[in-house]
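Student: Structural data only, the sequence is not supplied:
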């Protein structure tokens, strides 16, 4: 993996025709060029601040391997990275699947990076 997040075209919701249309669109030269420019910005121009990545090995849209390759690239660039990998939550559903673990990870990240704790355990 080159550290670029890849869309998993075998997502269960996508029909074969929609998968083909999406793949064709993403490979269309002007779109592919724009996608490469976006990936370049994402890879080489991340802000110089701590970053938190919450992701899942069960994500069928963006694989955990591609997230971890991206994290590895960012660490090699000297970025301060915190990562939390869930094992069973679908794409962008980590908070709903693991609310306490999610809140704890976000709270810890914020506290480790200079945010004050207001003492309200209901706030993230």
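Tutor: The structure has been received and is ready for your questions. None of these values were measured; they are calculated from a predicted model. Numbers count the residues shown, from 1 in each chain.
Student: Summarise which helices and strands the lowest-mean-pLDDT helix or strand in the chain is packed against.
Tutor: None of the helices or strands of the chain scores lower by mean pLDDT, DSSP states H and E than helix 16-27, at a mean of 80. Other helices and strands packing on helix 16-27, by 3 or more C-beta pairs under 8 Å, 6 or more residues apart in numbering; DSSP states H and E, are helix 29-44. From N, CA and C alone the C-beta is placed, and that goes for glycine too.
Student: following the helix it packs on, which helix or strand shows up next?
Tutor: Per DSSP states H and E, the first helix or strand lying C-terminal to helix 29-44 is strand 51-56.
Student: quick one: strands adjacent to that next one?
Tutor: strand 81-86 (parallel) (DSSP bridges).
Student: in what helix or strand does the nearest residue to residue 58 once chain neighbours are set aside lie?
Tutor: Across the structure, with C-beta to C-beta, 6 or more residues apart in numbering as the measure, the residue nearest residue 58 apart from its sequence neighbours is residue 88 (4.9 Å). Using DSSP H and E, residue 88 falls within no helix or strand.
Student: tally of neighbours for residue 88?
Tutor: Residues lying near residue 88 (other C-beta atoms under 10 Å) number 11.
Student: For residue 97, see how far away it is.
Tutor: From residue 88 over to residue 97 the distance is 7 Å, taken as C-beta to C-beta, to the nearest Å.
Student: Also residue 76?
Tutor: Taking C-beta to C-beta, one finds residue 76 at 30 Å from residue 97.
Student: which one of those two has more residues nearby?
Tutor: A count of neighbours by other C-beta under 10 Å puts residue 97 above the other of residue 76 and residue 97, at 15 against 9.
Student: still on that earlier bit, isn't the residue nearest to residue 58 right next to residue 96, touching?
Tutor: No: with contacts counted by C-beta atoms under 8 Å, residue 88 stays clear of residue 96, the gap being 11.8 Å.
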